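1. After the sequence you'll find the predicted model.
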Amino acid sequence: MSGVDAINEVIAREAPALWSALSPLGRTCFYPPDIPFQAAQARGKRFNATIGQITDGAGRILPLPAIAEALGRFGDDDLNRALLYSPIDGLPELRERWHAWHRLASQELPPSSLPVVTCGLTHGLALAADLFGGSGRTVVVPAPFWGNYRQIFGIRTGATVLPAPAYDEERRWRPTALADAIAELPAGEPVVAVLNVPSNPGGYSPTVAERRLLVESLIRVADTRPLVVVCDDAYSGLVFEPDIPAGSLFWELIGSHPNLVPIRIAGSTKEFVFFGGRVGFVTFPWASGTPLMDAIENKVRGLIRAGVGSPTALSQITLLQAMRRDDAAEQVRKVVELMAARYRVLRAALDQHADPSLFRVLPFNSGVFAVLELAPGLHANEARLELLESRDVGLVSIGDRYLRVAFCSIDEHAIPELVERTVAGLREIAARTTLTSSAP
Ligand SMILES: Cc1ncc(COP(=O)(O)O)c(C=O)c1O
């Protein structure tokens, strides 16, 4: 039996739902026993002439002084690890620390894998797309959604991206949005659902009751078909209302149904304000060290090796240095507080300038965004361009009707003026539109 057949057999036996949801690429990919594999076997040998890294002959990098000096604060060991290749699945200490980080808040979380390190969350999502996307597969995403999902799942792999309206007529968030959209698909067919909480663009996290309805609805879906739920936790922890749970739904979905496979994509981009670092993590709902997780990690390592080679060691060491500090959690908490303050000011300003003839604000309570749904007659991209041009305000338009405000990038004291300018700009466009449409 070939290497890939052996790991496929383990997955088909131990996790039949995961097996039926794997794409053709997901089925054929594996980690080849070539250079990194053989170099890992030779690590620590007196003569290790396997990998093409420039070292002193004892496994330590021979850096250019110019680079070593630029990274002067790292210390010898970290400098060495930062400049050598990272293991394909990431530095073990960082994987352990990220695993422990999300368990700080609750010791009672179910077992999960050691996270695999990726080049940002986008790369983690792309790995999920490679494993479970592909032509003929439907990926359901609550709408409006982060447009890159279409690129990652649809354009890259040929999957069909199916938008599921996230809000009802009254603009209430719909816990059963994913399940309702999936119900329209042919019975039995495996499906992928993306769960992005707190959401981009919506800035919404469900209440306790809504979470229960959501989880129950996904379990009902899993009664009828294999269901992979990709939990995109990019904005993890950025929750600003005391009664809104901040924990990832990933943990609640683990073990909820044999047909339901949650996969967690998270990372340091927003959580550690490390946008340029590109350190993301993919976590699976089974403990590491089991034949099943060995088989899954084998496939993921194969895809990473074929995509980016290995994740960036320099960024991993930088993040590690932050995570080793006793005050890391406190520093992250301060960022959440800063975002919470901006959130409150934005809420107040939007309440003060509420004008349903111009826009409605979709419910928001978390994350770093709020969405204005424009009144009929106003077009989002035209409004965006006009706000840029005449009000010195940059927002993002999504589809025809939505404008997204990223309050994370506006100083708290500037937020009221941002809202005033936006509303004044919309009012001017609306007045002009009315004039033009009533002209003879
Ligand atoms: C919902 C969501 N997922 C994933 C990402 C990508 O994160 P990264 O920059 O780490 O690739 C973003 C970035 O904006 C996002 O908003």
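-> That came through fine. In this text, all values refer to a predicted model and were calculated from it rather than measured experimentally.

2. At the contact with the ligand, which residues of this structure appear?
-> Within the chain, the residues that sit near the ligand (Cβ under 6 Å from any ligand atom) are 120-122, 146, 196, 200, 232, 234, 267, 269, 280. No exception for glycine: its C-beta is placed from N, CA and C like everyone else's.

3. now do 5 Å
-> 120-122, 146, 196, 200, 232, 234, 269 (Cβ under 5 Å from any ligand atom).

4. Just to be careful, could you list which of these are in helices?
-> Applying DSSP state H to those, the entries found in helices are 120-122, 269.

5. Widest-spaced pair of the residues you listed?
-> Farthest-apart pair in these is Thr122 and Thr269; separation 9.0 Å (Cβ to Cβ).

6. what touches both of those two?
-> Residues touching both Thr122 and Thr269 by Cβ atoms under 8 Å, 6 or more residues apart in numbering: Gly280.

7. circling back: for the residues of the chain next to the ligand, which one is nearest Met323?
-> Thr269 (14.4 Å).

8. Give me the residue ranges of this structure where confidence is low.
-> 1, 435-440 (pLDDT under 70).

9. May I ask you to name the longest strand in it?
-> Counting residues, the longest strand found in the chain (DSSP state E) is strand 260-267.

10. which residues sit against it?
-> 15, 17-18, 21, 98, 102, 112, 115, 118, 120-121, 124-125, 128, 218-219, 221-222, 226-234, 236, 248-250, 253-254, 279-285.

11. Against which helices or strands is the helix or strand where Gly425 lies packed?
-> Element membership of Gly425, judged by DSSP states H and E, is helix 415-438. Judged by 3 or more Cβ pairs under 8 Å, 6 or more residues apart in numbering; DSSP states H and E, helix 415-438 is in contact with helix 328-352, helix 380-391, strand 402-406.

12. Output these in JSON lines; the columns should cover distance to Val139.
-> JSON lines is the format used below for the helices and strands packed on helix 415-438 (distance: least, Cβ to Cβ, whole Å):
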{"stretch": "helix 328-352", "distance to Val139": "29"}
{"stretch": "helix 380-391", "distance to Val139": "24"}
{"stretch": "strand 402-406", "distance to Val139": "21"}
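
13. Go through these and pick out the most buried.
-> Mean neighbour counts were taken over those using mean count of other Cβ atoms under 10 Å, and the top value, a mean of 21, falls to strand 402-406.

14. buried ones in stretch 229-242?
-> By 16 or more other Cβ atoms under 10 Å, the buried positions in stretch 229-242 come out as 229-240.

15. Go through the residues you listed and say which is closest to the ligand.
-> Ala234 (3.8 Å; Cβ to the nearest ligand atom).

16. contacting residues for the closest one?
-> Contacts of Ala234 by Cβ under 8 Å, 6+ apart are 121, 196, 200, 265-267, 269-270.

17. what sits opposite the residue nearest the centre of the chain in the beta ladder?
-> In the chain, the centroid-proximal residue (Cα atoms, centre = their mean) is Asp232; its distance is 3.5 Å. Beta bridges link Asp232 to Asn196, Ile265, judged by DSSP bridges.

18. How are the helices of the stretch 1-150 of the chain distributed by residue range?
-> For the stretch 1-150 of the chain, applying DSSP state H, counting those that start in this stretch gives helices covering 3-14, 16-21, 24-28, 35-42, 65-70, 76-83, 92-101, 120-132, 148-149.

19. for the ones you listed, which one ends up most surrounded?
-> Using mean count of other Cβ under 10 Å, helix 120-132 ranks as the most buried of the helices of the stretch 1-150 of the chain, with a mean of 25.

20. Please consider this matter closed, and thank you.
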